[in-house]
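S.K.: Let's see this in three dimensions:
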Amino acid sequence: MAKKKSDWQNRIVGHDTKPASWFLANEANWRIHPKNQQDSLGGVLDEVGWVQDVIVNKRTSEEWGADQNIETLVDGHLRITLALRNGDETPVPVKYVDLSPDEESLVLLTLDPLGAMAASDKAKLDELMRAVQSDDERVQQMMADIAEREGILQDGQDEKYTRNIQAPIYTPKGDKPTINELYDETRTTELLTEINESDLPEDEKEFLRVAARRHTILNYKKIAEYYAHSDEKLQKLMENSALVIIDFNRAIELGYVKLSNEIASQYIDEYGDE
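M.R.: Next up is the predicted model:
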């Protein structure tokens, strides 16, 4: 028999803040986070910060056997992944719960799908999309994807949300980063070593060397700061390379931003893992 409202238990047993490296992933986690989701969440975290804590199960009951008292994530795996990329000591807000094995499995299975079952009020979504402004290209792309998925664009309204897309103003916020802080070639260097040591023909090696450069990670936060400290000549070349976008119309002409019939979407080179 279903429980009454008065029977609902508060399973939250505490709150804390822990470094990103402290957390233990759940062995039964079934969710896979594609790159567009990683980019979108990373954009929101960069622009706003933490607004929701991750959930960790204390596992205190004897039912857990050998796993008793091994505190384990129930929700927040992607947030922890992004926090680790941001630095091992990134402080993460934690909500503790105390669940049995069966209860943890139920929560792990249903937490995201229950949220996804919600329907959308297209008029309110349309109004909210008009009100939200973001300078982060990843967040802008997420907004465009939501609008397209929810079908809130009509013919002749391709540029409805472009009013909300404003080029950021780049002003120095700290010391000028060093060049080495702008990118990470660790994986690229590993690949180049493997390629150079192989016995492949030289033309194939050269092709693979070109392809290996795709694995260089760019730190766009540092790049924006470097841009703000640079002279006009370097700034122009950085704009031409789409390392920063100042003029969206010019970016469209250069091919870094593509317009479709359904939505105006801003694209720049991939945001590297930060």
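S.K.: make it CA atoms for all contacts and neighbour counts henceforth
M.R.: OK.
S.K.: Could you measure from Val54 over to Lys233?
M.R.: To Lys233, Val54 is 45 Å away according to Cα to Cα, to the nearest Å.
S.K.: who has more neighbours, these two?
M.R.: A direct count of neighbours by other Cα atoms under 10 Å for Val54 and Lys233 places Val54 higher, at 21 against 8.
S.K.: Show the backbone phi and psi for Leu200.
M.R.: phi -70, psi 160 (degrees, to the nearest 10).
S.K.: which residues are contacting stretch 195-208?
M.R.: Stretch 195-208 is contacted by residues Arg209 when judged by Cα atoms under 8 Å, 6 or more residues apart in numbering.
S.K.: Flag every buried residue along that stretch.
M.R.: 195, 205 (16 or more other Cα atoms under 10 Å).
S.K.: Now do that stretch, average pLDDT.
M.R.: On average, the pLDDT along stretch 195-208 is 94.
S.K.: Please save the CA atoms from it in CSV.
M.R.: This file holds the C-alpha atoms of stretch 195-208, laid out as CSV (Å, rounded to 0.1, in the frame of the first residue of the first chain):
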residue,chain,number,x,y,z
ILE,A,195,53.8,8.7,-34.8
ASN,A,196,57.4,9.7,-35.1
GLU,A,197,58.6,6.4,-33.7
SER,A,198,56.4,4.3,-36.1
ASP,A,199,57.6,2.8,-39.3
LEU,A,200,54.8,4.3,-41.4
PRO,A,201,55.6,6.2,-44.7
GLU,A,202,56.4,9.8,-44.2
ASP,A,203,53.2,11.1,-45.9
GLU,A,204,51.1,9.1,-43.5
LYS,A,205,53.1,10.3,-40.6
GLU,A,206,52.6,13.9,-41.7
PHE,A,207,48.8,13.4,-42.0
LEU,A,208,48.7,11.9,-38.5
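S.K.: oh, and call the first residue 40 from now on, that's how I've got it
M.R.: With the count now opening at 40, the last piece we talked about shows up as stretch 234-247.
S.K.: can you pull out the strands in this protein?
M.R.: 51-58, 93-96, 111-114, 130-136, 222-223, 256-257 (DSSP state E).
S.K.: Which elements pack onto the last one?
M.R.: Using 3 or more Cα pairs under 8 Å, 6 or more residues apart in numbering; DSSP states H and E as the contact criterion, the elements in contact with strand 256-257 are strand 222-223.
S.K.: and if you look at the first one?
M.R.: In this structure, strand 51-58 packs against strand 130-136, with contacts taken as 3+ Cα pairs under 8 Å, 6+ apart.
S.K.: hmm, back to that, tabulate the strands of the chain in TSV, adding columns for mean pLDDT.
M.R.: Listed next are the strands of the chain as TSV, based on pLDDT from 0 to 100:
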stretch	mean pLDDT
strand 51-58	94
strand 93-96	94
strand 111-114	93
strand 130-136	94
strand 222-223	92
strand 256-257	88
